[in-house]
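> structure for the following, please:
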Amino acid sequence: MKNLFLVAFGLVLSCNSSQKTVSETSKSQEPIDPVTYAQTITEDELKEHLYIYASDEFEGRETGAPGQKKAADYLKAQYEAMGIKAAKKDGNYFQKVPLEVAKVPSGTISLNSSAFEVGEDILTFSTATGDFNEVVYAGYGVEEGGYSDYGSLDVNGKLVLIKAGEPKDNNGNYIVSGTKKKSVWSNMSEAMEKKMQVATEKGAKGILYFDSTNFPRYKRYFDYMKTNNSGKMELAEDSSDNFIVLLNEKSATALKEDIQQDHVSKAWSAKVNLNVVSGNDKIDSENVVAVLLGSEKPDEYVVVSSHLDHIGVTASGEINNGADDDGSGTVALLEIAEAFKKAAENGHGPKRSLVFLHVTGEEKGLLGSRYYTDVDPIFPLSQTVANLNIDMIGRIDPKRDGDRNYVYLIGSDKLSTELHNLSEEINQKYANLELDYKYNDENDPNRFYYRSDHYNFAKNNIPIIFYFNGTHDDYHRPGDTPDKINYDLLENRTRLIFHTAWEVANRDDKVIVDKPAK
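The predicted model follows:
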């Protein structure tokens with residue numbers, strides 16, 4: 001899991017209450033008991049895989065590093081041994097994901113003759129150059145429905161100043177929501193990206209973004225980059241001449257003294273000189289994707305995913321093995337694939353196609369899954385029925401009270417009431433785990449819903465379930481090793497996901513989307 005650094009119609013038709021599970025009825029064959037195949041998912045096999053996959057030999061599986069290449073080769077070899085075909089038409093299990101990593105930026109920015117060095121009161125993670133004699137102040141930079149902070153302002157080719165937060169009316173209500181409740185435009189995880197997108201679509205050359213609350217968080221990330229001499233990794237497709245510069249209160253008020261109080265958009269004369277240089281290094285990485293074609297609806301796809309990467313080796317040479325994050329999800333996915341393959345060999349293959357998707361670059365910002373959904377979906381998203389994403393299911397959250405035989409579920413009800421109800425029914429029938437929705441809360445400060453690969457499917461209106469055990473003291477540390485995994489829990493959770501995938505893949509109708517993507 002990465003660190004913290006998107007069309008409603010119809011009715012909820014029966015909410016799955018009237019549709020029997022496929023183990024109870026089938027139009028084309030006698031009832032099939034999936035328990036037989038779920039029981040092929042065992043502690044011993046999960047453990048055998050994980051002690052290899054999270055061993056020192058794989059060197060922490062840093063994106064693009066030799067250890068990550070070994071991990072990809074291991075996964076490919078497993079699918080070949082199982083006889084599950086590559087997803088790509090050319091027979092290649094590897095979907096190349098072109099990545100670039102920015103070198104640590106250096107230089108200065110002058111705001112009305114006050115000079116600031118990058119890394120102190122201003123931050124940027126890319127090249128930012130140019131001389132400007134005018135700045136367009138767009139207030140909060142919000143545009144939604146009939147409201148726009150831009151009004152008739154022309155920002156094409158110009159420098160735009162935006163601040164964090166969102167506008168209120170004279171009664172103290174937020175304009176977007178119409179209530180005292182903040183909208184996504186105030187969300188720490190999404191607001192800046194949304195505001196950047198609006199400004200860029202209007203032609204802004206660069207963005208100055210004032211956010212005193214979150215500036216320290218971004219500075220910590222910048223300092224980490226500088227210490228490790230490694231910049232932010234991104235999809236090569238994301239490279240552009242546009243830039244964003246983050247400001248704290250000192251630098252923001254040097255440019256606009258009353259920025260805290262003034263919410264009125266305007267253009268004004270100001271002298272801004274940017275001289276920050278960086279550069280990009282190419283990174284070679286790949287997703288690993290296999291497919292088991294459906295017997296009746298081969299052009300409908302259920303994607304089961306996990307991320308194959310981790311965070312590599314520490315500066316002092318300690319290996320971050322990533323046994324839980326996400327070795328546990330990776331080996332679970334292999335065992336689920338094997339169970340489906342055995343069913344198919346017995347003439348009980350899934351009606352819909354199963355896509356087994358191991359993505360790279362999750363730790364760098366969900367890059368591999370974003371490449372799959374936004375750039376090069378191997379199978380059409382319009383025909384993708386659901387995504388079941390597995391990220392950390394081998395440990396116990398030490399902060400949690402309750403039965404150890406649990407799993408956190410996140411996002412099951414965000415887009416499809418029917419998928420959520422199906423999930424509950426399948427668990428009650430086959431697994432009887434405690435399904436804990438603690439982190440599914442919209443107000444969860446951890447924002448886990450936005451922090452793993454399912455999100456790139458959800459933002460495309462594809463129903464998802466994210467399976468998660470919570471963080472622990474070894475999260476993103478060298479102590480995340482295979483000997484600390486609870487293999488009985490890993491077995492139980494993996495079987496639950498298999499049963500859920502079985503139902504989604506074999507039921508007569510696709511799960512209904514009855515809620516809008518957020």
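> what comes up buried for the helix or strand of the chain with the lowest mean pLDDT?
The helix or strand of the chain with the lowest confidence, counting by mean pLDDT, DSSP states H and E, is helix 215-228 at a mean of 89. Of the residues in helix 215-228, 215, 218-219, 222, 225 count as buried by neighbour count, 16 or more other Cβ atoms under 10 Å. For the C-beta atoms, the positions are set from N, CA and C on the backbone; glycine is no exception.
> ditto for stretch 37-44
37-38, 40-41, 43.
> just stretch 109-118 next, same as before
109, 111, 116, 118.
> which two of those residues have the greatest separation?
Leu111 and Val118 (12.7 Å; Cβ to Cβ).
> in three-state terms, label the closest residue to Ile259 other than its chain neighbours for me.
In this structure, Ile259 finds its nearest non-sequential neighbour in Ala252, 5.2 Å apart by Cβ to Cβ, 6 or more residues apart in numbering. Following DSSP: H, G, I helix; E, B strand; the rest coil, Ala252 is assigned to helix.
> list the contacts of Ala252.
Going by Cβ atoms under 8 Å, 6 or more residues apart in numbering, Ala252 touches 163, 208, 210, 212, 259.
> do you know how far it is from Leu161?
As for Ala252, its distance to Leu161 is 8 Å (criterion: Cβ to Cβ, to the nearest Å).
> could I get the buried residues of helix 215-228 as TSV with distance to Asn133?
Listed next are the buried residues of helix 215-228 as TSV, based on distance: Cβ to Cβ, whole Å:
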residue	distance to Asn133
Phe215	26
Tyr218	28
Lys219	29
Phe222	28
Met225	31
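> wait, Lys515 sits on Leu419?
No: judged on Cβ atoms under 8 Å, Lys515 makes no contact with Leu419 at a distance of 10.3 Å.
> which neighbours do these two share?
By Cβ under 8 Å, 6+ apart, Lys515 and Leu419 have these common neighbours: Asp413.
> longest helix of this structure?
helix 487-506 (DSSP state H).
> for that helix, packing partners?
On a contact count with 3 or more Cβ pairs under 8 Å, 6 or more residues apart in numbering; DSSP states H and E, helix 487-506 meets helix 35-38, helix 43-53, strand 297-307, helix 329-345, strand 352-359, strand 384-390, helix 417-426, strand 464-468.
> for the longest one, name the packing helices and strands.
Yep, that's helix 329-345 we're talking about. Short answer (3+ Cβ pairs under 8 Å, 6+ apart): helix 329-345 packs on helix 35-38, helix 43-53, helix 66-82, strand 280-292, strand 297-307, strand 352-359, strand 384-390, helix 487-506.
> go with 6 Å
If you count contacts as 3 or more Cβ pairs under 6 Å, 6 or more residues apart in numbering; DSSP states H and E, helix 329-345 packs onto helix 35-38, helix 43-53, helix 66-82, strand 297-307, strand 352-359, helix 487-506.
> partner strands of the fifth one, parallel or antiparallel?
I take that to be strand 352-359. Here strand 352-359 is paired, per DSSP bridges, with strand 280-292 (antiparallel), strand 297-307 (parallel).
> quick one: contacts of the following helix or strand past that strand?
Counting by DSSP states H and E, the next helix or strand C-terminal to strand 352-359 is helix 367-370. Outside helix 367-370, the residues that touch it by Cβ atoms under 6 Å, 6 or more residues apart in numbering are 97, 235, 287, 359-361, 453, 456.
> can you pull out the strands in the stretch 151-300 of the chain?
Using DSSP state E, counting those that start in this stretch, the strands of the stretch 151-300 of the chain run over 159-163, 206-210, 233-235, 243-247, 266-277, 280-292, 297-307.
> out of these, nearest to Val104?
Closest approach to Val104 among those (Cβ to Cβ): strand 266-277, 10.3 Å.
> pull the residues that contact that closest one.
Strand 266-277 is contacted by residues 105, 107-112, 118, 124, 127-132, 134-137, 159 when judged by Cβ under 6 Å, 6+ apart.
> quick one: low-confidence parts of the protein?
Per-residue confidence for the chain (pLDDT under 70) gives these ranges: 2-30, 239-240, 518.
> what's the domain layout of it?
Structural domains assigned to the chain are 32-99+282-287+294-506, 104-278, following automatic domain parsing.
> returning to what we had before: return the member of the buried residues of stretch 109-118 nearest to Ser177.
Leu111 (33.1 Å).
> skipping its backbone neighbours, what lies nearest that closest one in space?
Closest to Leu111 by Cβ to Cβ, 6+ apart is Leu255, at 4.3 Å.
> what sits against Thr63?
Contacts for Thr63 (Cβ under 6 Å, 6+ apart) come out as 285, 309, 360-361, 364.
> mind running it again at 7 Å?
Residues in contact with Thr63 (Cβ atoms under 7 Å, 6 or more residues apart in numbering) are 233, 283, 285, 309, 360-361, 363-364.
> cool, Glu338 as well?
Glu338 neighbours (Cβ under 7 Å, 6+ apart): 40, 82.
> any idea how far it is from Asn112?
Glu338 sits 64 Å away from Asn112, taking Cβ to Cβ as the criterion.
> what's the answer for Ile122, then?
For Ile122 relative to Asn112 (Cβ to Cβ), the value is 13 Å.
> and for Thr481?
Thr481 is 53 Å from Asn112, by Cβ to Cβ.
> doesn't Tyr430 fall inside a strand?
No: applying three-state DSSP, one finds Tyr430 to be helix, outside a strand.
> that one touches His499, doesn't it?
Yes: judged on Cβ atoms under 7 Å, Tyr430 makes contact with His499 at a distance of 4.5 Å.
> out of the two, which sits in the more crowded spot?
Neighbour count, other Cβ atoms under 10 Å: between Tyr430 and His499, His499 has more, with 24 against 20.
> and Trp502, what is it in contact with?
Residues counted as contacts of Trp502 (Cβ under 7 Å, 6+ apart) are Pro34.
> quick one: it from Leu388, how far?
Computed as Cβ to Cβ, the Trp502 to Leu388 distance reads 11 Å.
> show me which positions of stretch 400-407 end up buried.
406-407.
> send me that stretch as PDB with only the CA atoms.
Below are the C-alpha coordinates for stretch 400-407, written out as PDB (Å, rounded to 0.1, in the frame of the first residue of the first chain):
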ATOM      1  CA  ARG A 400      -8.200  -3.300  16.400                       C
ATOM      2  CA  ASP A 401     -10.500  -4.800  19.100                       C
ATOM      3  CA  GLY A 402     -12.400  -8.000  18.300                       C
ATOM      4  CA  ASP A 403     -12.100 -11.400  16.800                       C
ATOM      5  CA  ARG A 404      -8.800 -12.100  15.100                       C
ATOM      6  CA  ASN A 405     -10.600 -13.800  12.200                       C
ATOM      7  CA  TYR A 406     -11.600 -10.600  10.500                       C
ATOM      8  CA  VAL A 407     -10.800  -8.500   7.400                       C
END
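> show residues contacting that stretch.
Surrounding stretch 400-407, the residues in contact under the criterion Cβ under 7 Å, 6+ apart are 393, 396, 433-436, 467, 469-470, 489, 492-493, 496.
> from Glu300, how far off is Gly172?
48 Å.
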